[in-house]
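[1] test case, fold it:
(chains A and B)
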Number of protein chains: 2
Amino acid sequence: MLDALFRPQSVAIIGASNRELTIGYRIVQNLVDSGYKGPIFTINPKAKFIKNFVAYKDITEVPMEVDLAHIIVKNTRVPGEIEKCGQKGVKVVIVNTAGFKEIGPEGAKLEEEMLAIARKYGIRVFGPNCQGVMNSDPEVRAYCNFTFTKMVPGSISVMAQSGGVGEVINNRLYEMGLGFRMYASYGNQCDINATEILEYWGNDPGTKVILLHIETLADAANFAKVAREITKHKPILAMKTGRTKLGAKAVSSHTGGMMEVDTSTNLLLEKCGILTFNDEEELCQAARALAALPAATGNRVAIVTNTGGPGIIVTDEIIEHGCEMAELSEESKKVLKENLYPEAAVSNPVDVLATATPEHYQLAAATLMKDPNVDIVFINFITPFFVDTEGVARGLVEVATAAAKPMIVVAMTEKEGWASTLKIFADAGIPTFDMPEIGGRVAAAMARYAALKSRQEAKPVAYSDVDRQAAARLIENTRQAGRQFMSQSDAFSLLAAYGLPVIANSEVGDLDGALAAAAEIGYPVTLKVEAEEVVHKSDAGGVVLNLKDDAALRQAFDRLTAAFPGCRVFVQRFVDPGTEVMIGATRENPELGHVVAFGLGGIFVEVLKDVVFRLNPLSPEDIRAMIRGIKGFPILAGVRGQEGVDLARLEELLGRVSVLLADHPEIAEMDLNPIFVYPAGREPGLVDVRIRLV
Amino acid sequence: MLDALFRPQSVAIIGASNRELTIGYRIVQNLVDSGYKGPIFTINPKAKFIKNFVAYKDITEVPMEVDLAHIIVKNTRVPGEIEKCGQKGVKVVIVNTAGFKEIGPEGAKLEEEMLAIARKYGIRVFGPNCQGVMNSDPEVRAYCNFTFTKMVPGSISVMAQSGGVGEVINNRLYEMGLGFRMYASYGNQCDINATEILEYWGNDPGTKVILLHIETLADAANFAKVAREITKHKPILAMKTGRTKLGAKAVSSHTGGMMEVDTSTNLLLEKCGILTFNDEEELCQAARALAALPAATGNRVAIVTNTGGPGIIVTDEIIEHGCEMAELSEESKKVLKENLYPEAAVSNPVDVLATATPEHYQLAAATLMKDPNVDIVFINFITPFFVDTEGVARGLVEVATAAAKPMIVVAMTEKEGWASTLKIFADAGIPTFDMPEIGGRVAAAMARYAALKSRQEAKPVAYSDVDRQAAARLIENTRQAGRQFMSQSDAFSLLAAYGLPVIANSEVGDLDGALAAAAEIGYPVTLKVEAEEVVHKSDAGGVVLNLKDDAALRQAFDRLTAAFPGCRVFVQRFVDPGTEVMIGATRENPELGHVVAFGLGGIFVEVLKDVVFRLNPLSPEDIRAMIRGIKGFPILAGVRGQEGVDLARLEELLGRVSVLLADHPEIAEMDLNPIFVYPAGREPGLVDVRIRLV
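    Predicted structure coming up:
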């Protein structure tokens, strides 16, 4: 439990200072300014007092119990201070000091030394190399941090890997009048880590929404486990930075860790039901909406506007961000037609006209709330001089507070002149957004959240006709042989053990074996060299397609064995090309499932990057979404009068691959490329497979 | 000249009112509140006085000259009031009243009637169905509008087709402390139109930047002519709304005009050197930067930051928006290394660390300004308690105001606590941005502006070896024959007249002719039916490829003429397929050049929409950018060890098509699809052409 960290009964500052431009001064000042509810102890052997506080030479001299101690002294002196904290019985320390793991091996050693002492005494350590924490709970008011955001109690808790990003977010929440609940920027997280804090906030009734800033995700498996539980009842929103190659490079040089552009973090976040963002403003505004409004259950938006232009902007914005414009029910249109101005537009967007009365607005909003075709009601409200704008606000608030669907209100106005109108929304807890664009993006975030929720409820695919014993044997074979890549025939047998449609094949050592195999399989056949080191077999000339008879086989076999002396040969029934797709899988993070890739293969994947990724295991919904998520999907569905491919069989194929991967974490990499898929009724052809074990 | 509109010596309000919730009251009030510098006359036959002003029964009773009259009376009474304005000698009227062209034929008639009277007297008309204009010039202070934005003098002029969007923009500029110079929202623009206002602002020394909101662009050719002149010396920034299909539908129902999603407006805007945006916030923030800072001359950004996380966000943001991270010169790195903290990161982003001093910041900024590899200097500055932040601000201001390159400053701070620091930037006219994301997008807008400027200086391609007489004759042929589509042979001859590489071909009426043509051309040949009504010839079975000898030709000819009785037949030398590309052209707006499309053809264009558009005529830079602008460009450049195609020949091909189109506005539509392109040294093969005349 992290109560000693977030709800300390008393705080000591080891390294407190009277010099204003120091962290040791600032933390004392921040605790005082924030109205911290417990005693503060300043430790400094050279001072008599720090600000208004007696300065103790040593924490052991403090005459009361100490829950939390900041340590701000030079890095090499930190272990000694922790020793003293142990003698004193301090529960948790925040080591603000830098100069540990992040500077290299020497710092790492110091970090271990410090941690060993802390463990000896059962002290929990937050940091080192960190900002600290804050808790705005009026009963606590602990500003254990040296930064500048004003602390106002709110319901959003913020955890930031980068203290700078944390400051920008906190400050923006403050400007928006929201404040925050708790805050943490955890630095090297040598002991208390992000996952533990996340879990604590998941159980904090005062935290309604959690915001995360992430550069690199440590402890991914535990994080995922904890996050999935929390998102069932509390929204988590996250921003992962370093998403471009150069951004990732900047993360590396900033955190000292190695980092490539990773695709898995965002996939993981979404799999845990976490809503992801690329923009702090959007993150904060969406948090505001999710903290205040009922969650949406779909993506169909209906707009009410009293000005045409901004209605168009909202339409553009929500469509581009994945929403749909709701098709209003006939009943709704009838009610609107009968009650609004005759010139009003009663399709979506509903234009109530600039002179719309409070009654018009309230009726329109209430009608759309009731419409079963509408998931999100969007209000555009510009404040003309000649309208009772307070009346409009009261009417909208009445509808919004009674509704089970969210109402996104964009109030376009001069904020001083119309302060009393805006206050009506604010007092009712209905957020208002300044510009139609940000309102549109918030509505889209609500819709994405609805999709995440329903995705989270989906179960992974499962098949009962799987031969797990055979599979284990095949993998064991490969290990025994000391190989990293499975042989073609073993790999195909592994696929077959999972019920995947495998083309008849056989691995042979000589020409006679090849001829016998071909007779068994039936012509035409394909020959491939079988050698671990030849990865791109086609490019290397190690594949001969469509051999029609013994004579052709002989010739090809001789050619292959001449080019690749001593190789074994893989004989496979030749199948005529269908529409090409590929399935790939890699394990970027050993704590997580495989990242599964799906695309049309060839240049579609390599040049056009038309490929979708999801984290295994996959649900039926995941599989449908992946197949339909590529730009080239119309090619699979059938285009220009051509028959599409058998999508049900393709879905099953992806499903069985997903189960195979889930059962075999020891698969480091898998490539099914190409796979030929055909019109309804014909099994796909898995032509080539490559499986590498860890 | 629009001085009477924007700098009126006196203003009358016909339809002024004492009822507060009316436009007739509000305009009087706004003129008074804004401190208008001339006399105000209120006209209302039923009142004795309006507010503090004598109410005249009739404008002819006004005892002084009237420059500008608002007309707010019922639509049917407007012509009569204009008649009186004519008698009085009023120079310009703003008809705020709605109920004209936008409501249908009856309103259109009323609009014409009104306009005829105005013309008789030489009165200029602004509107009808409009908000009005504003001029914040301290010598004028004319708030001829019924809206609510506070008028503060600024250097940005705003023209909005939607009054609502105009209000959002004006209000945002006000909140940003910028105000505006002049404003216009012109409604039906029956007389004074957007182009005329644009020209007026182009010549207004007080207008430094022009912002436009556009739903549909009327008067495109004149607009383009005027805009291109202005952008040579003054930035124009525009936001076109209705860019999604449903957004465009909303525009239609809002403006009453017909509208499909148009690709040509943004192409036109960019061709005129106008910077386009999809977001009002970005539009306003970029306007702020362009009004205050020197223009950038390239897209290479160097970042200085005192906090890692926000530096990463900026990196992600600028890369995703088309900038490059500057590669700092060795000299710069040396200077930084010698003068910053030893732990500072001296590659880009330069991390000066949280404790960086004013000297560090100033030195880093000055060094990057001097670096020839840097076009834009980007400052991320979070304000720690323990730093002399005012000193940092002073140092940065010193560098920024002396530099010829722009400095984008993101100041992350609590605005009240650090007001004095922010004021140092504000007083020096250096904009500060709150969040790293918006700063990054503004930097990207500066870079796009640099690219637009250099594009604007480029001349269209030209070729001297063009046979324009032959071309005219061929087009005349088609007209004479009463056809809309050119015959294949005429179309190919037209291409040949422009020096395009045409495959040997001949149009024939019978088998003997076909055999003779094939003998002349040489086998193998392709046969195509030649009939205007058969557009998709391949799909209809009207094409037979790769006929190798007379026998094959005979058979194919018989089959074709049986399927398409009475058709003429087009014989063409068969060429083996190369890499497929397509060039298309349409004329969406008859006032403008063709929209030229380029892509890889087939599913790349039809399914994946991997196609780029530019407005003709094209410069060599346009052509290079188009070819390199498709996602599939690596296929043309050569991928997976395959040789690329002859890009120089492809560029020439696109160039010659551009000249052909520029010479022939009567071409409504043109399709060159497929075109086969080959590795270096081989001419492209124009296999199929379709040309439709207007």
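
[2] so which bits of the stretch 1-150 of chain A are right by chain B?
    A:E20, A:L21, A:T22, A:I23, A:R26, A:F146, A:T147, A:F148, A:T149, A:K150 (C-beta under 8 Å from any C-beta of the partner chain). C-beta coordinates here come from the backbone N, C-alpha and C atoms, glycine included.

[3] what pLDDT is listed against the last one?
    The predicted local distance difference test score for A:K150 is 93.

[4] kindly report the same for the fourth one.
    As predicted, A:I23 sits at a pLDDT of 94.

[5] what do you get for the fifth one?
    Among the per-residue scores, A:R26 holds a pLDDT of 95.

[6] residues in contact with it?
    Applying C-beta atoms under 8 Å, 6 or more residues apart in numbering or on different chains to A:R26 gives the contacts A:F146, B:F385, B:F386.

[7] what is the neighbour count of A:L217?
    The number of residues packed near A:L217 is 23, by other C-beta atoms under 10 Å in any protein chain shown.

[8] no no, A:L115
    19.

[9] returning to that earlier point: distance to A:K333 added to the contacts of A:R26, as TSV?
    Below are the contacts of A:R26 laid out as TSV (distance: C-beta to C-beta, whole Å):
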residue	distance to A:K333
A:F146	58
B:F385	59
B:F386	62
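
[10] so which of the residues you listed are in strands?
    The members of the contacts of A:R26 all map outside strands under DSSP state E.

[11] identify, from the residues you listed, the entry nearest to B:G122.
    B:F385 (66.8 Å; C-beta to C-beta).

[12] secondary structure element for the residue nearest to the closest one when sequence neighbours are not counted?
    Excluding the flanking residues, the one nearest B:F385 by C-beta to C-beta, 6 or more residues apart in numbering or on different chains is A:R26, at 4.8 Å. Element membership for A:R26, per DSSP states H and E: helix A:23-33.

[13] what about the strands in the stretch 351-500 of chain A?
    A:376-382, A:407-412, A:432-433 (DSSP state E, counting those that start in this stretch).

[14] need the winner for burial among the ones you listed.
    strand A:376-382 (a mean of 28; mean count of other C-beta atoms under 10 Å in any protein chain shown).

[15] report all helices and strands that that strand contacts.
    strand A:300-305, helix A:308-320, helix A:358-370, helix A:389-402, strand A:407-412, helix A:436-456, helix B:163-175 (3 or more C-beta pairs under 8 Å, 6 or more residues apart in numbering or on different chains; DSSP states H and E).

[16] and the angle from the longest one to strand A:407-412?
    Translated: helix A:436-456. With axes from the mean of the first three to the mean of the last three C-alpha atoms, to 10 degrees defining the directions, helix A:436-456 sits at 170 degrees from strand A:407-412.

[17] can you give the distance of helix A:436-456 from its chain's centre?
    Distance, stretch centre to chain centre, for helix A:436-456: 14 Å (C-alpha atoms, centre = their mean, to the nearest Å).

[18] ditto for the third one
    Distance of helix A:358-370 from its chain centroid, counting by C-alpha atoms, centre = their mean, is 36 Å.

[19] kindly export it (C-alpha atoms) in PDB.
    Extracted C-alpha coordinates of helix A:358-370, given in PDB (Å, rounded to 0.1, in the frame of the first residue of the first chain):
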ATOM      1  CA  PRO A 358     -34.000  28.100 -25.400                       C
ATOM      2  CA  GLU A 359     -37.000  26.000 -26.100                       C
ATOM      3  CA  HIS A 360     -35.700  25.100 -29.600                       C
ATOM      4  CA  TYR A 361     -32.300  24.000 -28.200                       C
ATOM      5  CA  GLN A 362     -33.800  22.000 -25.400                       C
ATOM      6  CA  LEU A 363     -36.300  20.300 -27.600                       C
ATOM      7  CA  ALA A 364     -33.600  19.400 -30.200                       C
ATOM      8  CA  ALA A 365     -31.200  18.100 -27.700                       C
ATOM      9  CA  ALA A 366     -33.900  16.100 -25.900                       C
ATOM     10  CA  THR A 367     -35.200  14.600 -29.200                       C
ATOM     11  CA  LEU A 368     -31.700  13.500 -30.200                       C
ATOM     12  CA  MET A 369     -31.000  12.000 -26.800                       C
ATOM     13  CA  LYS A 370     -34.100   9.900 -27.200                       C
END
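
[20] buried stuff in that helix?
    A:P358, A:H360, A:Y361, A:Q362, A:L363, A:A364, A:A365, A:A366, A:T367, A:L368, A:M369 (16 or more other C-beta atoms under 10 Å in any protein chain shown).

[21] now the stretch 51-200 of chain A against chain B: closest residue?
    A:S162 (2.3 Å; C-beta to the nearest C-beta).

[22] so who does that residue touch?
    Taking C-beta under 8 Å, 6+ apart, one finds A:S185, A:H213, A:E215, A:T241, A:H254, B:T307, B:G308, B:G309, B:P310, B:I312 in contact with A:S162.

[23] shouldn't the third one be in contact with B:P310?
    No. Contact status for A:E215 versus B:P310: not in contact, 11.6 Å apart, counting by C-beta atoms under 8 Å.

[24] contact partners for the closest residue to A:P153 other than its chain neighbours?
    Closest residue in space to A:P153, ignoring its immediate chain neighbours: A:S136 at 4.3 Å, by C-beta to C-beta, 6+ apart. When contacts are counted by C-beta under 8 Å, 6+ apart, A:S136 touches A:M151, A:V152, A:P153, A:G154, A:G179, A:F180, A:R181, A:M182.

[25] make CSV from the residues you listed and add secondary structure and neighbour count to it.
    Formatted as CSV, those follow (DSSP: H, G, I helix; E, B strand; the rest coil; neighbours: other C-beta atoms under 10 Å in any protein chain shown):
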residue, secondary structure, neighbour count
A:M151, coil, 21
A:V152, coil, 13
A:P153, strand, 15
A:G154, coil, 25
A:G179, coil, 17
A:F180, strand, 26
A:R181, coil, 24
A:M182, strand, 27
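
[26] can you tell me which of those is closest to A:G89?
    A:M182 (24.6 Å).

[27] from A:P205, how far out is the closest one?
    12 Å (C-beta to C-beta, to the nearest Å).

[28] good, wrapping up.
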